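A.B. asks: Output the structure for:
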Amino acid sequence: MLNKDSEYSGKLKLYQSIPGVGLIMAVTLLTELEEIRRFKKLDQLCSYVGLVPRTDSSGEKDKTGPITPRSNKPLRSCIVESAWIASRTDPSLILSFNQLCRRMKPTEAIIRIAKKLLNRIRYVINNETAYVQAVV
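C.D. replies: Prediction:
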């Protein structure tokens, strides 16, 4: 059981300061990512979570498709669900989501919002500062 004196309580509060991240999502992030600093770049983190496109290449032909089936399934589903909530509560993500929906399906746009949310999660934990919502 996590209490307020636990070594993880500080990280849980930081995670929960991000829009779309509640207690269950924060615990999932804490347990599935373990130490987020092990990912040097955002692309490595997105690849681990499974928010990168599928690529098929043979010889001279390169094809990209929807997101890869290789992923951390519990974490990816939680990130995407949190992105849906964050795209309705965070002003900058609302704006980004609406702009993306003009040129693609909402289900494709939410993957890009999930990447932005993952970047914000990474920033908050790496800098150990609470999330501050931007005013658009």
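A.B. asks: now the helix or strand harbouring residue 45, how far from the centre of its chain.
C.D. replies: Using DSSP states H and E, residue 45 sits in helix 42-49. Relative to the centre of its chain, helix 42-49 is centred 9 Å away, using CA atoms, centre = their mean, to the nearest Å.
A.B. asks: swap in stretch 118-132?
C.D. replies: The answer for stretch 118-132 is 11 Å, by CA atoms, centre = their mean.
A.B. asks: Count the neighbours of residue 42 for me.
C.D. replies: Neighbour count of residue 42, defined by other CB atoms under 10 Å: 15. Yep, even glycine has a C-beta here, placed from its N, CA and C like the rest.
A.B. asks: Using CSV, list the CA coordinates for the helix holding residue 45.
C.D. replies: Written as CSV, here are the backbone C-alpha positions of helix 42-49 (Å, rounded to 0.1, in the frame of the first residue of the first chain):
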residue,chain,number,x,y,z
LEU,A,42,11.7,10.6,-26.4
ASP,A,43,11.8,8.4,-29.4
GLN,A,44,13.2,5.5,-27.3
LEU,A,45,10.4,6.0,-24.8
CYS,A,46,7.8,6.1,-27.5
SER,A,47,9.2,2.9,-29.0
TYR,A,48,9.0,1.2,-25.6
VAL,A,49,5.4,2.2,-25.1
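A.B. asks: Go ahead and name everything in contact with that helix.
C.D. replies: Contact with helix 42-49 is made by 36, 39, 52, 71, 72, 75, 76, 79, 115, 118, 119, 122, as judged by CB atoms under 8 Å, 6 or more residues apart in numbering.
A.B. asks: Grab the nearest non-local neighbour of residue 86.
C.D. replies: residue 20 (3.2 Å; CB to CB, 6 or more residues apart in numbering).
A.B. asks: helix or strand for that neighbour, which one?
C.D. replies: Per DSSP H and E, there is no helix or strand for residue 20.
A.B. asks: what sits against it?
C.D. replies: Applying CB under 8 Å, 6+ apart, we find residue 20 in contact with 82, 83, 84, 85, 86, 87, 89, 90, 117.
A.B. asks: Let me see the confidence value for the one residue sitting closest to the centre of the chain.
C.D. replies: Centroid-nearest residue in the chain: residue 118, 2.6 Å away (criterion: CA atoms, centre = their mean). Per-residue pLDDT puts residue 118 at 93.
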